[in-house]
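Undergrad: quick one: sequence plus predicted model below, questions after.
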Amino acid sequence: MTLDKIDDMPISDFMVDAADVAVDATPVDVDEFRSVMRQLAGCVTVITTESNGGLYGLTVTAICSVCATPPTILIAVDKSSRTHPHIDRKGAFAVNILADGQKHIAEHFASKGDDQFATIPHVVNAKGVPLIEGAAAQLHCEVQDRISIGTHTLFVAHIVGTGIQDSTPLIYHNAKYGLVTHI
Ligand SMILES: Cc1cc2nc3c(=O)[nH]c(=O)nc-3n(C[C@H](O)[C@H](O)[C@H](O)COP(=O)(O)O)c2cc1C
């Protein structure tokens, strides 16, 4: 079809019924969904925050750049996690992108120990939010929006500060930690 012919066609010719695009109405099996998502390799972060004088953090791979103008990201945090209410209350958090030697920190913040920062070297930023020493990079974030999706909340946040060190990031793929190897 030539472009001239497309110009002559009524817009209704391009519209499709939603039913026609539903490839398969069968609900996707949750385990199948998880198997597919395990193929998505990504960086490992620890989301940290402060609330009422306490320091909190959890390991998160569900992080996404949203846009650069203004610099904005989103994270997906389980509503049942201990850290969730503290991010919500504080309205601020840090993203610590772990370096390749920090697998033990990823495991630490994916567990349910008490006083999570007692053994983790850190400093705090101007808002009192902890920053993990030795991380590959950091983002200082202020929550702009909260979107509830099923079991998780998407926290959409503006970036108000950054930090970057000369190290390579820790990678998570297929339920295993790995290192960046150059192609
Ligand atoms: C590699 C990895 C990635 C994870 N990614 C997420 C995530 O994106 N969002 C989330 O809510 N939990 C994620 N978790 C689970 C939390 O880290 C875990 O439930 C943690 O114990 C919650 O801590 P808290 O209850 O002290 O906040 C991940 C765990 C691991 C090991």
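TA: In hand now; what should we look at?

Undergrad: report the mean confidence score over the host helix or strand of Ala106.
TA: Using DSSP states H and E, Ala106 sits in helix 103-108. For helix 103-108, mean pLDDT is 98.

Undergrad: one more: stretch 67-78?
TA: 98.

Undergrad: and the helices in the protein?
TA: Counting by DSSP state H, the chain has helices at residues 3-8, 18-21, 30-37, 84-90, 103-108.

Undergrad: identify the bridge partners of the residue nearest to the spatial centre of the chain.
TA: In the chain, the centroid-proximal residue (CA atoms, centre = their mean) is Ile63; its distance is 1.7 Å. Counting by DSSP bridges, Ile63 is bridged to Ile75.

Undergrad: check the gap between it and Val28 for me.
TA: 23 Å (CB to CB, to the nearest Å). Just so you know, the C-beta spots here come from the backbone N, C-alpha and C atoms, and that holds for glycine as well.

Undergrad: same check, this time on Val129
TA: Counting by CB to CB, the separation of Val129 from Val28 is 37 Å.

Undergrad: residues in contact with Arg89?
TA: Ser51, Asn52 (CB atoms under 8 Å, 6 or more residues apart in numbering).

Undergrad: so what's Val143 up against?
TA: Ile87, Asp88, Gly91, Ala92, Phe93, Phe155, Val156, Ala157.

Undergrad: now, among those residues, which is nearest to Val124?
TA: Ala92 (11.6 Å; CB to CB).
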